[in-house]
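# Sequence and predicted model, in that order:
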Amino acid sequence: MALDLKRALNSEQYRAAAQTDGPLLVIAGAGSGKTRMLTYRIAHLLESGIDERAILALTFTNKAAKEMGERIRSLTGKPLEKLTTSTFHAFGMGVLKQFIQHLGFRNNFTIYDANDRMALIKEVIENLDYVVESFDLWELSSLFSDVKTGRKEFGPNASQKIRGLYEEYEKHLKAYNAVDFDDLITKPMDLFSSHPPVLEKLRQRYTHILVDEFQDTSLAQYRIVEILARESRNLCVVGDDDQSIYSWRGANYENLMMFEHDFPERTEIKLERNYRSTGTILEAANALILNNKERKEKKLWTDGGRGSSIRLIHPENDEDEASQIADQIMLAHKKEDRPFSAYAILVRTNSLLDTLEAKLTERGIPTVVTGGTSFFDRKEIRDIVSYLKVIANQSDDINLLRIINTPRRGIGRTTLERLRRIADDHNASLFTAAQIMGRSTDGQVREGLRLAVARFASLIDDMHHNLFERGRSKAQTLRTLVEQIDYKGHIEGEHPDNEAVVAFKMKGVSLLCDMLSRFERENPASSIFDFINRLSLAGKESGAEEDAGKVALMTIHSAKGLEFDTVFVAGVEDRFIPHARAIEDDPANIAEERRLFYVAITRAKRALVLSACENRRRNHTDIPSLPSRFLEEIPKELFDEEDPAKELSGDEMVDKLRLLRERLAQKTG
């Protein structure tokens, strides 16, 4: 069935979706239907004769990439198995899987996540005979990431020690046939520079490239799409500079200006009609963001009506704030018969979550907290995944170090140092060193320890054989491993007399095995490395079924891209939003803090409640708080009274806010 773009889209969306050739910049305001436009645009490209293999659509989360693909398939009624809708990191991984041998790696490389990176940095420090405790591993990891991605350079005053650590870190990655997350973005560019035929092959394949959430791209990510589209000129980028809130992880909203420079012949289209929020909420958002000067001019509008006023409350303290919000949610839930999932509580920092979660739980209100420990970050899952990584890639020293004494085998630091010496002497991996030690007959290692090392090496070797044996279930191999190492006994030893914890952790291990089993069924042609790398790329998003019927409690950063019927923003106070640390680091951060508040406001569809406490508890003491300066940038007539019984006018409410700020400023002065 032919697409009817004009009927399906508004006039601006239609213009964006109908253009099939040439560079296109779409400035898409919050709630303006950009995903709908993008899916129709890709469907129109396909209908116009563009091969599905020639289309590359990039976004930032696995969930968004999956949903985009599903919507396009639903729209076209075609399987589109060769259509690429992907995250930047997953796309980079695909490029490296195909071409990384040109950089001196083997194609069955391992991806090191943040925990693996920290462990490797620690190992490098120890190998260079430095004192681990004299370094901040997190700070060092962040520096290495910034240097690798071009966000920073080693300054002239950078010590040779730090430079040497970075160089050794890179050498170790290559020796272990591993890449870190940053490499998934930077190494494709290395390939393009050093092996032009690789770039040419990808240019010939991907003739039409689309990027969603363009304001969140880093400079390195922009360079990938720019160089791929440099000849075809068919690059469509969709974003909103007013929602650029990730500078701390490398996002560069100035990429919009770079795109304008690199593609001067571009078409520019603005999507300003909002399909999400009421007129009042949009008026508040528009007034707020106008105070940012370096931005693309736009004004969100709706024909859906003004809706109710924004409620502004001033609880006495943290406890009172949590109680008021919980009471309002419970009252609205009963009175309006709305599911709990219609409500969200947003905060600027994680530190505000605990009191809110505790109070909602007290009231019997089910909640889901976004930003907690991911399933894949749980110790038991990381243990078993590390086993799987070593069994698949026996050169993976980092993960071998994690598991060689888990469960305990009596293999301590002295043995590990001996293994490292053997590895260095033979220019081999730690696993090979373990095999050598296990076969040793020189009597230098006591027999019990030699046997323990030999049994470990034999276990890994046997499992490696089983894992790659044709026709054998990989999931069953993993289940057999869990039994052979008696992992349940290991957990019972760590949590004696706590059967509930043991059961919870073993349920997670069982779930991991089930995941591998499903992966095998659904991807019969894929390898174990594909599964391992999928785990490494797995997002921290909760399942929809698990979260249904619960109040969402999350940071504003986590809420981006989401929408809720009713939104409560807690902690709308100076020190939180804008965040004191952000402003102390650089006063220019105030613009991004304002964008954060803008994102929070535009998550609300029908109702918005802002909470600014008179006091906040710090170190067991109530400290006076100032309402956020951003509140004064919202027109006073948009606010409702704090308590309907008091019947304050809009003017009176804003006057009260101003007096409150003055009074609290005197207290803190």
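Sure, I can see it.
# what helices or strands is the longest helix along the chain leaning on?
Identified as the longest helix of the chain according to DSSP state H is helix 499-522. Packed against helix 499-522 by the contact rule (3 or more C-beta pairs under 8 Å, 6 or more residues apart in numbering; DSSP states H and E) you find helix 379-392, helix 474-484, helix 487-494, helix 528-537. Quick note: C-beta positions are derived from backbone N, CA and C, even for glycine.
# Tell me which of these lies nearest to H333.
Proximity to H333 (C-beta to C-beta) singles out helix 379-392 among these, at 34.4 Å.
# S32 and I269 touch, don't they?
No - with contacts counted by C-beta atoms under 8 Å, S32 stays clear of I269, the gap being 10.8 Å.
# R617 looks like it's in a strand, true?
Yes - counting by DSSP: H, G, I helix; E, B strand; the rest coil, R617 is located in a strand.
# Going along the chain, name the helices of the stretch 501-650 of the chain.
528-537, 544-547, 556-559, 580-585, 590-601, 650-668 (DSSP state H, counting those that start in this stretch).
# between the ones you listed, which gets the lowest average pLDDT?
Mean pLDDT values for the helices of the stretch 501-650 of the chain show the minimum at helix 544-547, a mean of 48.
# Other residues contacting stretch 36-53?
By C-beta atoms under 8 Å, 6 or more residues apart in numbering, the surrounding residues in contact with stretch 36-53 are 2-3, 5, 8-9, 13, 16-20, 26, 28, 55, 57, 68, 71-72, 75-76, 78, 80, 82-84, 205, 207-208, 210, 212, 236, 238, 271.
# Let's see that stretch as CSV, backbone CA atoms only.
Provided in CSV are the C-alpha atoms of stretch 36-53 (Å, rounded to 0.1, in the frame of the first residue of the first chain):
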residue,chain,number,x,y,z
ARG,A,36,6.9,9.6,13.5
MET,A,37,8.5,11.9,10.9
LEU,A,38,11.7,9.8,10.8
THR,A,39,9.9,6.5,10.4
TYR,A,40,7.7,7.9,7.6
ARG,A,41,10.8,9.4,6.0
ILE,A,42,12.6,6.0,5.9
ALA,A,43,9.5,4.3,4.7
HIS,A,44,9.3,6.9,1.9
LEU,A,45,13.0,6.3,1.0
LEU,A,46,12.2,2.6,0.6
GLU,A,47,9.1,3.3,-1.4
SER,A,48,11.2,5.6,-3.7
GLY,A,49,13.4,2.7,-4.6
ILE,A,50,16.3,3.1,-2.1
ASP,A,51,17.7,-0.3,-1.2
GLU,A,52,17.1,-1.1,2.5
ARG,A,53,20.9,-2.0,2.8
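# average pLDDT for that stretch?
For stretch 36-53, mean pLDDT rounds to 97.
# and what of stretch 286-299?
For stretch 286-299, the mean per-residue pLDDT is 94.
# next one: stretch 245-264
Rounded mean pLDDT across stretch 245-264 is 86.
# Going forward, the N-terminal residue is numbered 390.
Fine by me, first position is 390 from now on; the one you just mentioned is stretch 634-653.
# and it, how far from the chain's centre?
19 Å (C-alpha atoms, centre = their mean, to the nearest Å).
# Name the residues of it that are buried.
634-636, 639-642, 644-645, 648, 651-652 (16 or more other C-beta atoms under 10 Å).
# which ones among these are found in helices?
644-645, 648, 651.
# got a markdown table for these, with distance to S784 too?
Output for these, formatted as a markdown table (distance: C-beta to C-beta, whole Å):
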| residue | distance to S784 |
| --- | --- |
| N644 | 37 |
| L645 | 42 |
| F648 | 41 |
| D651 | 40 |
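# so which of those comes closest to D963?
With C-beta to C-beta as the yardstick, the closest approach to D963 among those comes from L645, at 29.5 Å.
# need the contact list for the closest residue in space to the closest one that isn't next to it in sequence.
Distances taken as C-beta to C-beta, 6 or more residues apart in numbering place D630 nearest to L645, at 5.7 Å, with adjacent residues excluded. Residues counted as contacts of D630 (C-beta under 8 Å, 6+ apart) are 416, 604, 642, 645, 684-685.
# Give me the pLDDT value at D630.
Among the per-residue scores, D630 shows a pLDDT of 91.
# Please report how far it lies from E643.
D630 sits 9 Å away from E643, going by C-beta to C-beta, to the nearest Å.
# for stretch 733-751, which positions count as buried?
For stretch 733-751, using 16+ other C-beta under 10 Å, the buried residues are 733-737, 741-742, 744-746, 748-749.
# all helices for the stretch 740-889 of the chain, in order.
742-751, 768-781, 786-792, 802-815, 819-828, 836-857, 863-873, 876-883, 888-911.
# got those helices as a markdown table, with distance to E708 and mean pLDDT columns?
Below are these laid out as a markdown table (distance: least, C-beta to C-beta, whole Å; pLDDT from 0 to 100):
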| stretch | distance to E708 | mean pLDDT |
| --- | --- | --- |
| helix 742-751 | 7 | 86 |
| helix 768-781 | 33 | 95 |
| helix 786-792 | 42 | 95 |
| helix 802-815 | 47 | 93 |
| helix 819-828 | 52 | 96 |
| helix 836-857 | 52 | 96 |
| helix 863-873 | 45 | 97 |
| helix 876-883 | 35 | 94 |
| helix 888-911 | 30 | 89 |
